[in-house]
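> Sequence and predicted structure are below.
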2 protein chains.
Amino acid sequence: MHPPGTADRPTIEFWFEFGSTYSYLTAMRIEDCARAAGVTVVWRPFLLGPIFRSFGWDSSPFVLQGAKGRYMWRDMEREAARLGLAFQRPSAFPRIALLPMRVATLGAAEPWIGEFCRRVMRQNWVEDREIDNDGAVRDALDGLVPDAGQVIAAALNPANKLRLRANTEEAQARGLFGAPSFFVGDELFWGNDRLSAAIAFALGRS
Amino acid sequence: MHPPGTADRPTIEFWFEFGSTYSYLTAMRIEDCARAAGVTVVWRPFLLGPIFRSFGWDSSPFVLQGAKGRYMWRDMEREAARLGLAFQRPSAFPRIALLPMRVATLGAAEPWIGEFCRRVMRQNWVEDREIDNDGAVRDALDGLVPDAGQVIAAALNPANKLRLRANTEEAQARGLFGAPSFFVGDELFWGNDRLSAAIAFALGRS
């Protein structure tokens, strides 16, 4: 799990989904927060759909429970404002994100992963744009990689598809049940509200 | 909703259940936090059971979803420690709390409500004691009222039982879906993590 050369630096795994509302609030700021604390972020893309289906749900709890869903949109507005982040409620939710999730899986250890994820998140949560297509992903990769088409082709490689599925199975096996989540070693933290606790825990055990 | 003489002081409604884990973390500190901010707390007891049943659940989501339940107990330990609160995982969960909830309903506007609620919470979450009985409720009322037996008898009055039911129906009608929750006017905040945001909102609109 440690990127090369950072083996004794405190590390936090960030498990996220582009279709997850509160993952947006974390993705936009986790690198800044972690850098300020001297903690390394490991980006861990996974799919929420199979996790929710394992609970017998065919959609997000924010869709299945009306009152919770209505609250969540208001809470997102307030929390985005508090954190200084732009936010526009998307016209589609939860948005399918398979292609950008596959690209994030391919690039999880690349230097461009943070900026790529922030761009995809902005497409979904600020620009209200569909993200599960070639054009959106090319825009998100623009200037970050020499050849976006080549990266997309590699993301569609069966081995990479399987890697995303394996991530999701690992998430489930380790007790993860929602997004965003953080692991510091085996210690699990759930929700954007726990980012600072997870970083503090990473520092405490380093 | 305003206690007499506080009509122009900012007010926060605290909706809670003695059987709710995160309600414990709020109940123990809300009066101190609100007092420091110059905000008045209105204690609003309600029953979570009927709310959960309206979602088709026959128990707490922490019981129905194993992974979420396991996480919650660990998170409670961490959060209680962070807030400087004692905590022991109870041997029964969720604990039935009907009698103390009825007493809280009766006493919601009395000066003893805060201390009574903290004592019941401590019985459940620190002493691992059953709370839905005469002895526990008498201990929690001890020294707070002249005659605990009379208070308990009044709490068992049909009109007071109906008031707790009406509270629960009001909660549901206003979009409440879990505990603890806070209302500032019609603005809903959910979870112990939102206590400071709710207090800030109450100050901002005063």
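Looks like it arrived, so ask away.
> List the contacts of stretch A:159-175.
Stretch A:159-175 is contacted by residues A:15, A:44-47, A:50-51, A:54, A:101-102, A:105-106, A:154, A:181, A:183, A:186, A:188, B:67, B:70-71 when judged by C-beta atoms under 8 Å, 6 or more residues apart in numbering or on different chains. (Glycine included, C-beta is placed from N, CA and C.)
> So for stretch A:27-40, what gets flagged as buried?
By neighbour count with 16 or more other C-beta atoms under 10 Å in any protein chain shown, stretch A:27-40 contains the buried residues A:27-28, A:30-31, A:33-34, A:39-40.
> Buried ones among the contacts of stretch A:159-175?
Buried subset of those (neighbour count, 16+ other C-beta under 10 Å): A:15, A:44-47, A:51, A:101-102, A:105-106, A:181, A:183, A:188, B:67, B:71.
> Of the residues you listed, which belong to strands?
Judged by DSSP state E, strands contain the following of those: A:15, A:44-45, A:181, A:183, A:188.
> Chain B next: which of those are close?
A:L188 (C-beta under 8 Å from any C-beta of the partner chain).
> Could you single out the nearest of the buried ones among the contacts of stretch A:159-175 to B:A198?
B:Y71 (24.0 Å; C-beta to C-beta).
> Relative to A:L176, how far out is that closest one?
Look at B:Y71 and A:L176: by C-beta to C-beta, to the nearest Å, they are 9 Å apart.
> A:I152 now?
A:I152 is 27 Å from A:L176, where distance means C-beta to C-beta.
> Between the two, point out the one with more neighbours.
In terms of neighbours (other C-beta atoms under 10 Å in any protein chain shown), A:L176 is the more surrounded of A:I152 and A:L176; the figures are 23 against 19.
> Can you name the residues that contact that one?
By C-beta under 8 Å, 6+ apart, the contact list for A:L176 reads A:15, A:46, A:51, A:183, A:188, A:190, B:67.
> Measure how far the helix or strand bottoming out on mean pLDDT in chain A is from the centre of its chain, please.
The weakest-scoring helix or strand in chain A, judged by mean pLDDT, DSSP states H and E, is helix A:61-64 (a mean of 86). Remark: helix A:61-64 is offset 19 Å from the chain centroid, using C-alpha atoms, centre = their mean, to the nearest Å.
> now for it, which elements pack on it?
Here helix A:61-64 touches helix A:66-82, going by 3 or more C-beta pairs under 8 Å, 6 or more residues apart in numbering or on different chains; DSSP states H and E.
> So the helix it packs on, near chain B or not?
Yes: remark: helix A:66-82 sits within contact range of chain B at A:67-68, A:70-71, A:74-75, A:78, A:82, by C-beta under 8 Å from any C-beta.
> what's the distance between A:A155 and A:Q65?
A:A155 is 33 Å from A:Q65, by C-beta to C-beta.
> more neighbours, the two?
Using other C-beta under 10 Å as the criterion, A:A155 and A:Q65 rank with A:A155 on top: 23 against 19.
> what separates the host helix or strand of A:A154 from the chain centre, distance-wise?
Here A:A154, judged by DSSP states H and E, is contained in helix A:148-155. The chain centre lies 20 Å from the centre of helix A:148-155; the measure is C-alpha atoms, centre = their mean.
> can you list contacts of that helix?
A:99, A:102-103, A:105-107, A:134, A:137-138, A:141-142, A:145, A:160.
> Now flag whichever of those residues is closest to chain B.
Closest approach between those and chain B, by C-beta to the nearest C-beta: A:T105, at 22.4 Å.
> Is the closest one in contact with A:P45, as I believe?
Yes: between A:T105 and A:P45 there is a contact under C-beta atoms under 8 Å: 5.1 Å.
> List the beta-bridge partners for the closest residue to A:S181 other than its chain neighbours.
Using C-beta to C-beta, 6 or more residues apart in numbering or on different chains and skipping the chain neighbours, the partner closest in space to A:S181 is A:W15 (4.4 Å). Assessed by DSSP bridges, A:W15 has beta-bridge partners A:R44, A:S181.
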